[in-house]
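1. After the sequence you'll find the predicted model.
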Amino acid sequence: MTNPAPLSSAFRQALSEAWAGGSGLLLPLGFFAGTAMLIPFSLGSDAELLARIGPGILWLALALASMVTLERVFQADLQDGALDLWIQSGDSISLIATSKTFAHWLVSGLPLVILTPAIGYMLGVPVGQMLPAMLGYAMGGLTFFLWGGVAAALSASVARAGLLIAVIALPFFVPAIIFGVRVAEEGLNGVGLPFLGASMLFALGVAPPAMGAALRLAAE
Amino acid sequence: MTNPAPLSSAFRQALSEAWAGGSGLLLPLGFFAGTAMLIPFSLGSDAELLARIGPGILWLALALASMVTLERVFQADLQDGALDLWIQSGDSISLIATSKTFAHWLVSGLPLVILTPAIGYMLGVPVGQMLPAMLGYAMGGLTFFLWGGVAAALSASVARAGLLIAVIALPFFVPAIIFGVRVAEEGLNGVGLPFLGASMLFALGVAPPAMGAALRLAAE
Amino acid sequence: MWSFLANPHRFMGFSRFAIPICFAIGALLVGWSLYNGLLVVPPDEAQGGDLMRAMFTHVPSAWLCMGLYAGLAVASFVWFIWRHELADVAARAIAPIGAGYTALCFITGSIWGQKGWGQGWHNLILGDSRLMSVLVLFFLFLGYIALRAAMETRQKAAKAGAILAMIGLINVPIIKVSVDLWQTTTIHQPSSVLKIGGGSDVPEDKKQGMNPVYLQQLLWGFAGHGLLASALIFMLMRAEIYSQRSDRLLAARLEGG
Amino acid sequence: MSGEVLIEAQAVGAMRGERLLFRNLDLEVRAGETVLLRGANGSGKTTLLRQLAGLSEVATGVISRSAAQHWLGHTNGLKAHETPRTHLRHWARVWGSDVDIDGVLERMAMTRPADVPCRMLSAGQKRRTALGRLLLVERPLWLLDEPFNALDAAGRDLLAGMIEAHCDLSGAVIAALHGDTPVAASREVVL
Amino acid sequence: MSGEVLIEAQAVGAMRGERLLFRNLDLEVRAGETVLLRGANGSGKTTLLRQLAGLSEVATGVISRSAAQHWLGHTNGLKAHETPRTHLRHWARVWGSDVDIDGVLERMAMTRPADVPCRMLSAGQKRRTALGRLLLVERPLWLLDEPFNALDAAGRDLLAGMIEAHCDLSGAVIAALHGDTPVAASREVVL
Ligand code: HEM
Ligand SMILES: Nc1ncnc2c1ncn2[C@@H]1O[C@H](COP(=O)(O)OP(=O)(O)OP(=O)(O)O)[C@@H](O)[C@H]1O
Ligand SMILES: Nc1ncnc2c1ncn2[C@@H]1O[C@H](COP(=O)(O)OP(=O)(O)OP(=O)(O)O)[C@@H](O)[C@H]1O
Ligand SMILES: [Mg+2]
Ligand SMILES: [Mg+2]
């Protein structure tokens, strides 16, 4: 599919959709901030402990955000008939789905990266770890959203798919989480980064066709 | 509203709805177990550490489950027109909404209580803390679902409500989490339990009318 | 053979005889290996004394659950490409059995661990790479079953399940790599049956092959469990085919009336 | 024939956004009447019906309801996982009716797909299921928004019959409609 | 007049669940034709249309498409947050058309609510917006599922005119319809 117009406008539509889903960026920001706020409450305020595990917990929050966001994306397309139009328009549905996923990652996943310095400071994470952590959240988040997109597409025709998506996607999240945590710990020149990049590229390669096939199935 | 038939059948409908979302209890069980599985990956495998904070993290999983589940409950009612029928039928919409929320808590929240012994054992939580923890998860979970219900009702008319719900509900979750964690730590005869009970009762008192009002608003 | 079995009628004919045979031989072999494993062979104190006898269920089930997931993916692939209905029936049947053996591997391993790793071993489970990868495998099975259960029609369940199983299989190696990287130190046995695996950090003494007395029973047990599993799978497949037929009959009657 | 008043609207008006849809609208419906709401797309029929049903508030004026109502909007109110049978049984329970569900299904010619999840039903079958709710309990006033949509010829006759029968039994119907209709209107209100 | 073949279905059949909807259905549509699909509720019109559009697979038989298609189903394909203008602009961009959006909105008589979010539009206005897509790019074959639903009198005439004009320009239309229709059908297929 050479023509980029469909991709760009699918991207734009998804972006405005994510925006219309509330007050734009504020929502994800608030969500991650809220989760970070909950951490001390649920774990007690042992500073050294927080600094150690806070980032790890944010990984769980990120994984969660990816699933909460994507649940409705494809289901809505199916219910309001937009999916039919996409399939009918003859463009590669995989690419369309990917660019939508990408848009939702931008709105709902990336904010964590923006927040990382603040949250990290709050949790007392060493400054040296901030940059790697941000990079990790960025790449790991994209991976989450891709796999979460596959899970969401697979269960697009299921009535209330929230938990189903989670159960399907969780095993796929494991590598990203492990490598991501490592990147945050051992910095940019450890083995974590290349591995994280590899698993992200892998997701970029495998998830789109899977999403495409799943969506065609859902439209049946 | 004296006649219990509407409540019971709203309850039953919601129950079958939650059930139809997938293979019944298998999903929530799998979800909580899966989140527990991710914990060591994101926090490292320091046994003593896991034993200490594992239960705290499950609170996050519980909060998440309540949000993921409730996002679509009322939104679906609005879109497919069932909400109109409920309002029209003249029964107290607050009570209807409450019994729906209760049903979804039964299916998606309570399983954590069932799983607590197994997960706790894996994480090496002292056996003495199991019973208090279970009680905490049960009461705290109900509180989560009630506040989550309010948030879901408020955002029923918003397109993509997942994160919005999180932002609205998280502040209300905090007290439940604080006291819940304390209950798990200091057992049944600490101060945690009465406080947790109090916040649950507060939710039971305030959430229903709030849900009712929000839903009438959404139907406009 | 598979091309031969691809036809449901032939499969029904074949399985009618295969099931009892597989069952009988499998039960015999498992019983034999258990009898030897539990009563005859001397306990290996280094391996946790009598508890190590769990090995004779543990190792075969461990191998099986991996093999079964591969089988699930292959069946899905066959259905996805050639639309052999029977392949889907097989995939549907393999999933629960595979999940069961994954659980069995975990349970027996835990029993074994009781002594092998001393008290508080359960703390170690979440710290051991091999164990966690088994756990992840279990969730792959779980997701597959849940997804199929949620789909309304057989066709959709088959297609969705196939997609999930295939991408799941290509993810298994990555998951394994990640989990191994996550915990390079495993208190778990290296793959000592065949002298490969275990990683370079495994001390030499652990690397030498397993005592043939055990190895023999292990292999018997493995063969036996393999046969048992296939018998169970065939039974589930038969049940599925029957239910499909009855559905068609019912539908036909509805068309009439 | 002029039965007692079932619903009465006085000087009702509706705003949408900044826009005034209608105002000073008086409507009085008595038992036995069939009132049709006419008007171009977007003229406010649905809005008025929702106000009469008490689903949305009036901008001006008052509405006094003196009889129970059945509501059927553009949406059918079906849940994706419900089958027609479970749907009707559910609302029969809610409304405390002990009517024979199978009878209703048969009357709506829905016995065949009675156990197919609504998600898979055809548009007309969904509509028929929703219309079946009208037969669960006896309520004097029916508020119907384009009830003939998606119905085939048989379905239209069926519904027309239901409406006439209902009005003969001193019920009343207020329906928003486009185009020509198989029901004899005792009055038409044009928005 | 018999233009070239735009779509051809041979021995097509459809299964739903375990039940057979139709089989051995042959259909050949040439440029200039207006084919109406008739049949009771649940007889399989939507299913056939979706098969012709390539949205769902055929159980048996083959379909050979030799022309671009416009699809309009029971659902309008509008997003809750889109306005008619943004919706049409979006699809114009996707389909690489540089048609004047305002012109299309005017033709569909949607200039007034052109900037109201679709969630708030009336049923007929939603339908009109969806029909506006047909005017964005020129595609020989139109597949329409009950296109006249929710349209008022003016809207019906408008759509009928669009269909006739399209067929005169050697296009073709396959539409599923109930009841009597304002379009002259060159052929009717009963399911
Ligand atoms: C929950 C606990 C356990 C799990 C999930 C588990 C998992 C596994 C897996 C997946 C294999 C197959 C490895 C391969 O084929 O290379 C295996 C083999 C084996 N396990 Fe475990 N294991 C557990 C506990 C234990 C314990 C406690 C011991 C002994 C102290 C043990 C001893 C062995 C041995 C000797 C093998 C055969 C090694 C080989 O493959 O040659 N396992 N286990
Ligand atoms: N927020 C808003 N801003 C501007 N106009 C609005 C807004 N909300 C609704 N409207 C207008 O209010 C009207 C709603 O009318 P309504 O749905 O009652 O029409 P209707 O008579 O039912 O039409 P149809 O015959 O198509 O069903 C529409 O014209 C819509 O554009
Ligand atoms: N899983 C299923 N099991 C049984 N029947 C099914 C299943 N899925 C769909 N159906 C039936 O298939 C048919 C679908 O028909 P379709 O939607 O094409 O009807 P239609 O001709 O468009 O009807 P309408 O005029 O109401 O739109 C319906 O009768 C429906 O009950
Ligand atoms: Mg209307
Ligand atoms: Mg149809």
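-> Thanks, I have the structure now. These numbers were taken from a predicted model, which means no experiment stands behind them. Ligands and ions are numbered 1, 2, ... in the order given.
2. tally of neighbours for whichever residue of chain D sits closest to chain A?
-> With CB to the nearest CB as the measure, D:A80 is the residue of chain D nearest to chain A, at 4.7 Å. The C-beta positions use only the backbone N, C-alpha and C, and glycine is treated the same way. D:A80 has 18 neighbours, counted by other CB atoms under 10 Å in any protein chain shown.
3. Quick check: chain neighbours aside, which residue is closest to it?
-> D:R119 (4.1 Å; CB to CB, 6 or more residues apart in numbering or on different chains).
4. ok, now A:L83?
-> Nearest residue to A:L83 in three dimensions, chain neighbours excluded: A:D77, at 4.2 Å (CB to CB, 6+ apart).
5. Kindly report the same for D:G3.
-> Among residues not flanking D:G3 along the chain, D:A31 sits closest, at 2.6 Å (CB to CB, 6+ apart).
6. Check what pLDDT D:S170 gets.
-> pLDDT recorded at D:S170 is 89.
7. Could you find the closest non-adjacent residue to residue 69?
-> Since no chain was named, I'll use chain A. Nearest residue to A:T69 in three dimensions, chain neighbours excluded: A:S108, at 4.2 Å (CB to CB, 6+ apart).
8. that answer is for a different chain, and I need it for chain D
-> The spatially closest residue to D:Q69, leaving aside those adjacent along the chain, is D:L141, at 4.5 Å (CB to CB, 6+ apart).
9. quick one: contacts for that neighbour?
-> Contact analysis of D:L141 by CB atoms under 8 Å, 6 or more residues apart in numbering or on different chains lists D:L6, D:I7, D:V29, D:R65, D:A67, D:A68, D:Q69, D:H70, D:G171, D:A172, D:V173, D:I174.
10. In ChimeraX, how would I select just the buried ones from these?
-> Buried residues within those, by 16 or more other CB atoms under 10 Å in any protein chain shown, are selected in ChimeraX with:
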select /D:6,7,29,69,70,171,172,173,174
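11. closest to ligand 3 among the contacts of D:L141?
-> D:H70 (21.9 Å; CB to the nearest ligand atom).
12. Please give the element, helix or strand, for that closest one.
-> According to DSSP states H and E, D:H70 maps onto strand D:69-72.
13. partner strands of that strand, parallel or antiparallel?
-> Strand D:69-72 has the following strand partners under DSSP bridges: strand D:141-145 (parallel).
14. ok, the strand it pairs with near ligand 2 or not?
-> No - Strand D:141-145 does not reach ligand 2 (CB under 6 Å from any ligand atom); its nearest approach is 7.0 Å.
15. what about that strand and ligand 4, any contact?
-> No - contact of strand D:141-145 with ligand 4 (CB under 5 Å from the ion) is absent, the minimum separation being 5.7 Å.
16. following that strand, which helix or strand shows up next?
-> By DSSP H and E, the next helix or strand past strand D:141-145 is helix D:153-168.
17. what packs against that following helix?
-> helix D:123-132, strand D:172-176 (3 or more CB pairs under 8 Å, 6 or more residues apart in numbering or on different chains; DSSP states H and E).
18. just checking, next helix/strand downstream of the last one?
-> Put plainly, it is strand D:172-176. strand D:187-190.
19. do that following strand and chain E meet?
-> No - figure legend: strand D:187-190 not in contact with chain E (CB under 8 Å from any CB of the partner chain); closest approach 11.5 Å.
20. who's in contact with that strand?
-> So strand D:187-190 is contacted by D:L25, D:L27, D:E33, D:T34, D:V35, D:L36, D:L37, D:R38, D:G39 (CB under 8 Å, 6+ apart).
21. Provide the secondary structure category for the first one.
-> Pointing back at D:L25 there. Three-state call for D:L25 (DSSP: H, G, I helix; E, B strand; the rest coil): strand.
22. Tell me who's in contact with it.
-> Neighbouring residues of D:L25 by CB under 8 Å, 6+ apart: D:A9, D:A11, D:V12, D:G13, D:L48, D:G61, D:V189, D:L191.
23. Helix, strand, or coil at the fourth one?
-> The reference is to D:G13. Following three-state DSSP, D:G13 is assigned to strand.
24. Tell me which residues of stretch C:235-254 come out buried.
-> By neighbour count on 16+ other CB under 10 Å, the buried set for stretch C:235-254 is C:M235, C:L236, C:M237, C:R238, C:E240, C:I241, C:A251.
25. Can you tell me which of those residues is nearest chain A?
-> Looking across these and measuring by CB to the nearest CB, the closest to chain A is C:A251, at 18.9 Å.
26. Pick out the most distant pair among the buried residues of stretch C:235-254.
-> Across those, the longest distance by CB to CB is 24.9 Å; it joins C:M235 and C:A251.
27. and the residue of chain D nearest ligand 4?
-> Taking CB to the ion, ligand 4 has its nearest neighbour within chain D at D:T46, 3.2 Å off.
28. which ones are touching that residue?
-> Going by CB under 8 Å, 6+ apart, D:T46 touches D:G73, D:H74, D:D145, D:A176, E:S122, E:A123.
29. Okay, it and D:E146: tell me how far apart.
-> Going from D:T46 to D:E146 by CB to CB, to the nearest Å gives 9 Å.
30. Mutual contacts of those two, please.
-> What both D:T46 and D:E146 touch, as defined by CB under 8 Å, 6+ apart, is the set D:H74, D:A176, E:A123.
31. what about stretch C:68-79, average pLDDT?
-> On average, stretch C:68-79 scores 94.
32. Stretch D:74-82 now?
-> Stretch D:74-82 shows a mean pLDDT of 89.
33. Output that stretch as PDB - backbone C-alpha positions only.
-> What follows is stretch D:74-82 as a C-alpha-only set of coordinates in PDB (Å, rounded to 0.1, in the frame of the first residue of the first chain):
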ATOM      1  CA  HIS D  74     -34.400   4.700  18.000                       C
ATOM      2  CA  THR D  75     -32.400   2.200  20.000                       C
ATOM      3  CA  ASN D  76     -33.800  -1.200  20.900                       C
ATOM      4  CA  GLY D  77     -32.500  -1.500  24.400                       C
ATOM      5  CA  LEU D  78     -31.200  -5.000  23.700                       C
ATOM      6  CA  LYS D  79     -28.000  -6.300  25.300                       C
ATOM      7  CA  ALA D  80     -25.500  -8.000  23.000                       C
ATOM      8  CA  HIS D  81     -25.400 -11.200  24.900                       C
ATOM      9  CA  GLU D  82     -29.100 -11.500  25.600                       C
END
